[in-house]
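Chemist: give me a model of this one.
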Amino acid sequence: MRLRAFAVALLIAAATFIRAGAASSGEEGPTVYLLQAQGPLTPAMAEYLERGIRRAEQEGGAALIFQLDTPGGSIDLMNRMVQLIRASRVPVIIYIAPRGAIAGSAGTVITLAGHVAAMAPETAIGAASPVGAQGEDLNETLAAKEKEILRATVRSLAARRGEEAVALAEATIEVAKAASANEALAAGLVDFIAPDLPALLEQVDGFEVELDGGRVLDTGGATVVEVPQTLIEQLLQVLTNPNIVFLLITIGVQAVLIEISSPGGWVAGFIGVVCLALGAYGLGVLPVNWFGLIFLVMAFVLFLLEVKAPTHGALAAAGIASFILGALVLFNSPSTPSFQRVSIPLVVATGLVTAGLFIAIVTFAIRAQRRPPAVGAEALIGRWGEVRDDLRPYGSVQVAGELWSAESVRGLEIPKGTRVRVVGVDGLRLRVETEDKGSG
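Modeler: Modelled structure (predicted):
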């Protein structure tokens, strides 16, 4: 009897173990993908979002969290990101975080586009009134058109959240109203306030979203997979910083001028071309004041003229003044948002460094003009070379990449391969000696 009871207990334990093993090996918990975006909206950020959504769809993710902290960006990029979110087959949770983060301007509309919208405490959303590409206020007619389009957009996105949410969403467009996390939650503009990611996953678990006729989120105990930005995406995001773009343009042009002033190498020219190419990308993304860009180009033309035809600093001084003026207004129009402005201390510091560089170039140019010219073979006096044919005492040496007839100054033999120095010229023949003064 005892043996039978023991056998039954053993079978039950074995069955339980097998069932648990099958569940652990065959059934995996839900996976949530996490993207983190900080800074102005850029093409690189849109590509990052598209890549993250595509990966979550391909790998069957339960949801995708897009953690956002942005002052805004262009309407075109906003529309592209809204379309990506609304077309996603995976629920997209927009999470404004960490504490202190904002979803300003276009970020407001992107937040409303999410299937779920959440904010961390001490964050803000709103101030979505449209402005021009340079950050300026639009004229009355154009402003009215843009506002109507944006109001219609936010109405459609916020309609499921109730009338109070729609009213607040429209106010962010019409009067640039902003709201705290608590205010946005009270109005229904967002769905949750979560202090951190685990709290967010716990709150959204079981929440029904409008996707495929209604889908209930399953995020309890989910595995969070972070999708980092690629190196290229990070680089392109950095290139939307106006300070970085300004430095790249400055370094690039100066490197090219150094290459022009003393040709023969390639390092300075290569660095210059790379910096200018990267800076050109930034100029294509940022709102550029073309008046400032013209002054920068004028400054570098004056610098080039100073290098080619030195005027003892007159052109360089004019170039520095033009450089500082152009830099100050390059991205710094009166209505340009602060996050798209060049730092004034950086402009001043760069102007001083540029001035120092060209003072040095002009000084070297003046010294070169005052130095008596050396022509022909006489220019080789003092140069080192190598014996190519034994000097007995006549033979040939290679100096400065050229082959010359030569003789030993003391008439001694100097074997091939010996390092020698040119000490004189006799017609077209060089007079040379070894490091130990001619001993063979």
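
Chemist: tell me which residues in stretch 397-412 are buried?
Modeler: Val397, Val399, Trp404, Ala406, Glu407, Ser408, Val409 (16 or more other CB atoms under 10 Å). For glycine as for every other residue, the C-beta is placed from the backbone atoms N, C-alpha and C.

Chemist: pretty sure Gly424 is one of the things the last one touches, is it not?
Modeler: Going back to what we said before, that points to Val409. Yes. Val409 is in contact with Gly424 according to CB atoms under 8 Å; the separation is 7.3 Å.

Chemist: and Gly221, backbone torsions?
Modeler: phi 70, psi 20 (degrees, to the nearest 10).

Chemist: got it, and Pro40?
Modeler: phi -60, psi 150.

Chemist: swap in Ala179?
Modeler: According to degrees, to the nearest 10, Ala179 has phi -140, psi 150.

Chemist: do Gly411 as well
Modeler: The phi and psi torsions at Gly411 (degrees, to the nearest 10) take the values phi 80, psi 10.

Chemist: which residues does it contact?
Modeler: Pro393 (CB atoms under 8 Å, 6 or more residues apart in numbering).

Chemist: hey, where'd the strands end up in the stretch 51-200 of the chain?
Modeler: 63-69, 92-96, 102-104, 116-119, 124-126, 178-180, 192-193 (DSSP state E, counting those that start in this stretch).

Chemist: export the ones you listed as TSV, with columns for mean pLDDT.
Modeler: Listed next are those as TSV, based on pLDDT from 0 to 100:
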stretch	mean pLDDT
strand 63-69	97
strand 92-96	98
strand 102-104	94
strand 116-119	97
strand 124-126	95
strand 178-180	95
strand 192-193	97
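
Chemist: out of these, which comes closest to Val238?
Modeler: Closest approach to Val238 among the strands of the stretch 51-200 of the chain (CB to CB): strand 63-69, 15.9 Å.

Chemist: circling back: closest one of the buried residues of stretch 397-412 to Ile258?
Modeler: Nearest member of the buried residues of stretch 397-412 to Ile258, counting by CB to CB, is Val399, at 26.9 Å.

Chemist: distance-wise, check that closest one relative to Gly382.
Modeler: 10 Å (CB to CB, to the nearest Å).

Chemist: now the common contact residues for the two.
Modeler: With CB under 8 Å, 6+ apart as the test, Val399 and Gly382 both reach Val422.

Chemist: what's the first helix or strand after the strand or helix carrying Leu257?
Modeler: Using DSSP states H and E, Leu257 maps to helix 242-261. Sequence order places helix 267-285 as the next helix or strand after helix 242-261, per DSSP H and E.

Chemist: now that following helix: buried residues?
Modeler: Ala268, Ile271, Gly272, Cys275, Leu276, Leu278, Gly279, Tyr281, Gly282, Leu283, Val285.

Chemist: dump those residues into CSV; add distance to Ser156 and pLDDT as well.
Modeler: Formatted as CSV, the buried residues of helix 267-285 follow (distance: CB to CB, whole Å; pLDDT from 0 to 100):
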residue, distance to Ser156, pLDDT
Ala268, 55, 82
Ile271, 50, 91
Gly272, 49, 89
Cys275, 44, 92
Leu276, 44, 90
Leu278, 39, 92
Gly279, 39, 89
Tyr281, 34, 87
Gly282, 34, 85
Leu283, 35, 82
Val285, 28, 79
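
Chemist: just the ones of the buried residues of stretch 397-412 in strands?
Modeler: With DSSP state E as the criterion, strands contain Val397, Val399, Trp404, Ala406, Glu407, Ser408 from among these.

Chemist: I'd say Gln254 and Ala360 touch.
Modeler: No. Between Gln254 and Ala360 there is no contact under CB under 8 Å: 11.6 Å.

Chemist: those two: which is more packed in?
Modeler: Gln254 (22 against 10; other CB atoms under 10 Å).

Chemist: which residues are in contact with that one?
Modeler: Gly272, Thr354, Leu357.

Chemist: of all those, which comes closest to Ile125?
Modeler: Thr354 (41.9 Å).

Chemist: and the host helix or strand of that closest one, average pLDDT?
Modeler: Per DSSP H and E, Thr354 falls inside helix 344-370. Taken as a whole, helix 344-370 has an average pLDDT of 73.

Chemist: kindly report the same for stretch 404-412.
Modeler: For stretch 404-412, mean pLDDT rounds to 87.

Chemist: please compute how far that stretch lies from its chain's middle.
Modeler: 60 Å (CA atoms, centre = their mean, to the nearest Å).

Chemist: export that stretch as CSV, just CAs?
Modeler: Taking C-alpha atoms only, stretch 404-412 is exported to CSV below (Å, rounded to 0.1, in the frame of the first residue of the first chain):
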residue,chain,number,x,y,z
TRP,A,404,72.7,65.7,-58.2
SER,A,405,76.3,65.4,-59.2
ALA,A,406,78.5,65.8,-56.1
GLU,A,407,82.0,65.7,-54.7
SER,A,408,83.4,65.2,-51.3
VAL,A,409,84.8,68.4,-49.8
ARG,A,410,88.0,66.7,-48.6
GLY,A,411,88.5,64.5,-51.6
LEU,A,412,87.9,61.4,-49.6
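
Chemist: tilt between the helix holding Leu257 and helix 267-285?
Modeler: With axes from the mean of the first three to the mean of the last three CA atoms, to 10 degrees as the basis, helix 242-261 and helix 267-285 are set at 150 degrees to each other.

Chemist: show me what counts as buried in helix 242-261.
Modeler: Buried residues in helix 242-261 (16+ other CB under 10 Å): 242, 245-259, 261.

Chemist: which of the helices or strands spans Gly213?
Modeler: Judged by DSSP H and E, Gly213 forms part of no helix or strand.

Chemist: neighbours of it, how many?
Modeler: Gly213 has 5 nearby residues by other CB under 10 Å.

Chemist: quick one, phi/psi of it?
Modeler: phi 80, psi 10.

Chemist: if I look at it, how far off is Glu407?
Modeler: For Gly213, the distance to Glu407 equals 99 Å [CB to CB].

Chemist: try Trp266
Modeler: 37 Å.

Chemist: quick one on the thing from earlier: let's have the buried residues of helix 267-285 in CSV, adding distance to Gly100.
Modeler: Shown next, in CSV, are those (distance: CB to CB, whole Å):
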residue, distance to Gly100
Ala268, 42
Ile271, 37
Gly272, 39
Cys275, 33
Leu276, 36
Leu278, 30
Gly279, 31
Tyr281, 29
Gly282, 26
Leu283, 30
Val285, 25
